[in-house]
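> After the sequence you'll find the predicted model.
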Amino acid sequence: MEEVFDPCTGVRKRFDVSRAYKAQKYIAKNAVLEDRFNQIRIVVGLDVSYPNWRFSSWGIGVAVALAYPSMKILDCIAAVARVCVPYIPGLLAFREMAVLAPALARLQRRISVDLIVVDGHGIAHPRKAGIATHVGVVFDKPSIGVAKKKLYGEYREERDELYIVDDKQRPIAGVLGEGSKRIFVSPGHRVSLTTSIRLIKSMLRRGKLPEPTRIADKITKDLKKRITSGPPGREVHYIRCSGNRIPDIFS
């Protein structure tokens, strides 16, 4: 079989975990964990999926804008690009920003963004810098992380509410739902924990996920199934979907 060149090989070899940890500590230091936003009119949901294309690592990042509080879909941009950083627990942001950042940046050219909801953690993270904190600090936008699994911390119940606390017993996430339907809500940037929980509760419609990430997840999975011909011929390829329509092919 003919050997195929993988442009990600060098990136994987050079990726420095210790430098990534330092970068996360810097991001955490710059995260603002209090409410610093005006009226919320448009919320963006972010999610990533990985198509099963041979030879190369590619990802599909989706940024979908919804009106708040109606949760009506307003606009959607997907970015397809190489994802060269390997999967390392606690360092997922360095992998997924390769497709989330282009999608969000392109969407922001078209529409004003008041709040970002990310599929992943905010400060409920060993270094207080999950993917939602990365996105929030980099774009300087209010952001909230909504994860399906606990990454860090311990459970603690207060006044009939369940939280995740850090090693200093400080609440870093709220736990909504029960059993397999639990989600973990943590602030990313420019939103407090209390407000993060309140806002996510207001976006729950069907299933366990809030509408922004539920819809983004649906779109990424749909695109993953439909795009079967292999990666595009450029570094980043954009797909636009509007309303409830998802395109069948690359636009």
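Yep, it's here. What you see is a predicted model, and the numbers here were worked out from it, not measured in a lab.
> What is the burial count for Val85?
Close neighbours of Val85, defined as other CB atoms under 10 Å, add up to 20. (Each C-beta comes from the backbone N, C-alpha and C, glycine too.)
> and after the helix-or-strand element of the chain with minimal mean pLDDT, which helix or strand comes next?
Across the helices and strands of the chain, mean pLDDT, DSSP states H and E gives its lowest value to helix 9-14, namely a mean of 77. The C-terminal neighbour of helix 9-14 among helices and strands, as given by DSSP states H and E, is helix 17-30.
> in that next one, what counts as buried?
Buried residues in helix 17-30, counted by 16 or more other CB atoms under 10 Å: 20, 23-24, 27-28.
> what's the least confident helix or strand of the chain in contact with?
84-86 (CB atoms under 8 Å, 6 or more residues apart in numbering).
> got CSV for those, with secondary structure and pLDDT too?
Formatted as CSV, those follow (DSSP: H, G, I helix; E, B strand; the rest coil; pLDDT from 0 to 100):
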residue, secondary structure, pLDDT
Cys84, coil, 87
Val85, coil, 90
Pro86, coil, 87
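> Tell me which helix or strand comes right after the one helix or strand Val137 maps to.
Under the criterion of DSSP H and E, Val137 resides in helix 131-139. Proceeding N to C from helix 131-139, the next assigned helix or strand is strand 143-147, under DSSP H and E.
> re earlier: identify, from the contacts of helix 9-14, the entry nearest to Thr195.
The shortest approach to Thr195 among the contacts of helix 9-14 belongs to Val85, at 31.4 Å (CB to CB).
> ok, that closest one touching Phe94?
Yes - using CB atoms under 8 Å, Val85 is in contact with Phe94, at 4.7 Å.
> which residues are in contact with both of these two?
Phe15.
> From the contacts of helix 9-14, pick the one nearest Phe139.
Among those, and counting by CB to CB, the member closest to Phe139 is Val85, at 19.0 Å.
> now the strands: where do they sit in the stretch 151-251 of the chain?
Secondary structure of the stretch 151-251 of the chain, counting by DSSP state E, counting those that start in this stretch: strands at 154-158, 161-165, 171-176, 183-189, 236-241.
> Cross-check the contact I'm expecting between Val135 and Val117.
No - if you go by CB under 8 Å, Val135 and Val117 don't touch, sitting 9.9 Å apart.
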